[in-house]
Structure formats: C-alpha cells, structure tokens
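Visitor: model this:
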Amino acid sequence: AVRAAAAAVPVPVRRLLVHEARVVASLVRWAARRPHGVGPGDVPAAYAAGQAALVYGLLFAVVVETGVLAMLPARWPVAHAVVLVLDVWSVLLVLGFHAACAVRPHVVGADGSLRVRYGALVDVAVPAGSVAAVRVERRFPSGRLVEVADGVLDLAVGGQTTVTVELAAPVEVVRPLGGRERARVLRLYAEDPRAAVAVLRERIGAGEEGDVRC
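Guide: Residues are numbered from 1 along each chain as shown. This next block holds a predicted model:
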C-alpha cells in the first residue's frame with residue numbers, strides 16, 4: 001500500500017519532499033559538525049562559502065518579513081497564523097539549504113573516485129578510474145543552477161565554477177526534479193580549487209596541467 005501510494009505521487013513532488021527532509025536533517029548535522037558521505041581517507045572539497053553572502057542576504061530578508069508579519073494586527077487570525085508558519089518554514093528552508101551545502105561537500109574518495117554535489121539537490125557519483133583529466137579552470141557560466149549541454153555539466157556556485165573534470169566515460173546526472181542527463185565533462189566550484197585538483201591528480205596518477213581562466 002505504501003509503495004502504491006508513493007507511485008501515485010509525481011516524481012517531482014516526491015523529490016521535493018525528500019529534499020526538504022534532507023534539508024532538515026542537514027541542519028542537525030551542521031549543528032553537530034558531522035559532514036555527510038565523507039569516510040576514512042576521503043578528502044572533502046567545500047563550496048558553501050561561495051554563496052554564503054547571497055544566502056545570508058536572502059535569509060535576512062525572510063527573517064525581516066517574518067518579524068514584520070508577526071507584529072501586524074491579525075484581522076483574519078487563521079490566515080495570519082498559516083502565513084506566519086509558512087514564513088518560519090521558509091526561514092528554516094533557506095538556512096537548511098546552506099547547511100546542506102556545508103555538510104555535503106564534494107568528496108575525493110580514497111580510491112580515486114569523485115562525488116560532486118550541490119547541497120541535497122545534486123549528487124553525481126564518478127567511479128574510481130573514470131577521471132581522465134582535471135584542472136583548475138575559472139569559468140562564469142550562464143543558465144540554470146544545473147546546466148547540462150553537449151555532455152558538459154555546469155554546477156556553478158555564486159555564478160562561477162573553478163574546477164573542470166574530464167571523464168573517460170559519461171556519468172548520469174539526475175536533476176533536482178528527477179530529469180536525467182549524461183555528462184562527460186563536469187565543471188564545479190571548490191573554495192580551494194588548487195588543493196582539490198592536487199588531491200584528485202595524486203589519487204588518479206595524473207600529471208600537472210596549467211590553470212585556465214575563462
């Protein structure tokens with residue numbers, strides 16, 4: 001019965017519900033300083049700081065709106081209470097979104113695998129041995145949060161990417177609402193791109209390449 005009920009719910013709705021549950025869980029992990037998916041020997045590559053100013057600015061605006069609404073006289077108490085609850089939930093979601101990015105970093109596995117993530121929205125697994133080349137490359141892509149075109153995934157943070165990873169074979173990219181694509185080049189953001197590239201090169205046995213700025 002549970003499976004039948006779940007199948008009746010559209011995939012985008014299911015993914016949104018799962019995302020909100022993961023966002024709430026991320027708040028707990030953030031408070032406890034417990035990163036998700038980083039095992040012994042793995043090296044995380046953080047990216048949350050690249051969007052911190054934008055997120056905290058949005059959070060400030062939502063908190064101010066919630067405070068103003070709470071102080072207004074309620075002509076319709078039930079509607080006022082519902083909107084206030086939704087505003088408080090919005091505050092938690094914005095903070096949880098940033099928390100999810102902080103506790104779900106990119107991960108260079110001890111075996112040379114790679115996990116590219118963006119909060120609880122995107123999680124791309126690259127098996128060990130699939131990375132053909134990696135380099136520091138600063139780019140400023142335009143488009144959606146998750147953009148896949150001609151086999152290239154752009155996963156920008158703060159409007160930019162700093163690392164480009166070329167793969168020996170395409171990997172599957174699942175969009176936030178469930179759409180599926182294939183990508184052979186991954187462009188992502190890392191706070192310290194040179195450190196992330198150095199670790200990945202070391203673990204895949206690749207030589208050094210020059211940095212690129214576009």
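
Visitor: okay, the closest residue to residue 41 other than its chain neighbours: pLDDT?
Guide: Counting by C-beta to C-beta, 6 or more residues apart in numbering, residue 41 lies nearest to residue 110, which is 3.1 Å off, once chain neighbours are set aside. The way it works is simple: take the backbone N, C-alpha and C, and place the C-beta from them, glycine included. Here, the pLDDT recorded for residue 110 equals 93.

Visitor: repeat that for residue 211.
Guide: Taking residue 211 on its own, its pLDDT is 51.

Visitor: ends of stretch 125-136, how far apart?
Guide: 20 Å (C-alpha to C-alpha, to the nearest Å).

Visitor: now it, how far from the centre of its chain.
Guide: 19 Å (C-alpha atoms, centre = their mean, to the nearest Å).

Visitor: neighbouring contacts of that stretch?
Guide: Residues outside stretch 125-136 that contact it (C-beta atoms under 8 Å, 6 or more residues apart in numbering) are 109, 111-116, 162-169, 171, 186, 193-194, 197, 200-201, 204, 206, 209-212.

Visitor: what about it, average pLDDT?
Guide: pLDDT averaged over stretch 125-136 gives 95.

Visitor: now do stretch 190-199
Guide: 97.

Visitor: buried residues, it. List them.
Guide: 190, 192, 193, 196, 197, 198, 199 (16 or more other C-beta atoms under 10 Å).

Visitor: among the residues you listed, which are in strands?
Guide: Nothing among those maps onto strands, per DSSP state E.

Visitor: any chance of CSV for those, columns distance to residue 69?
Guide: Shown next, in CSV, are the buried residues of stretch 190-199 (distance: C-beta to C-beta, whole Å):
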residue, distance to residue 69
190, 38
192, 40
193, 42
196, 42
197, 46
198, 49
199, 47
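
Visitor: ok, these vs residue 41, which is closest?
Guide: Proximity of these to residue 41 (C-beta to C-beta) peaks at residue 199, which lies at 11.1 Å.

Visitor: state which strand of this structure is the longest.
Guide: Every strand in the chain considered (DSSP E), the longest is strand 161-174.

Visitor: output the following helix or strand past it as CSV - backbone C-alpha positions only.
Guide: Sequence-wise, the next helix or strand downstream of strand 161-174 (DSSP states H and E) is strand 180-188. In CSV, the C-alpha atoms belonging to strand 180-188 read as follows (Å, rounded to 0.1, in the frame of the first residue of the first chain):
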residue,chain,number,x,y,z
ARG,A,180,18.2,12.5,-16.2
GLU,A,181,21.2,13.5,-18.4
ARG,A,182,24.6,12.2,-19.3
ALA,A,183,27.8,14.2,-18.9
ARG,A,184,31.4,13.6,-19.7
VAL,A,185,32.8,16.9,-18.5
LEU,A,186,32.0,18.2,-15.0
ARG,A,187,32.6,21.9,-14.1
LEU,A,188,32.2,22.6,-10.4
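
Visitor: the spatially most central residue of the chain pairs with what?
Guide: Centroid check for the chain by C-alpha atoms, centre = their mean gives residue 118 as the closest residue, at 1.1 Å. Using DSSP bridges, the bridge partners assigned to residue 118 are residue 122.
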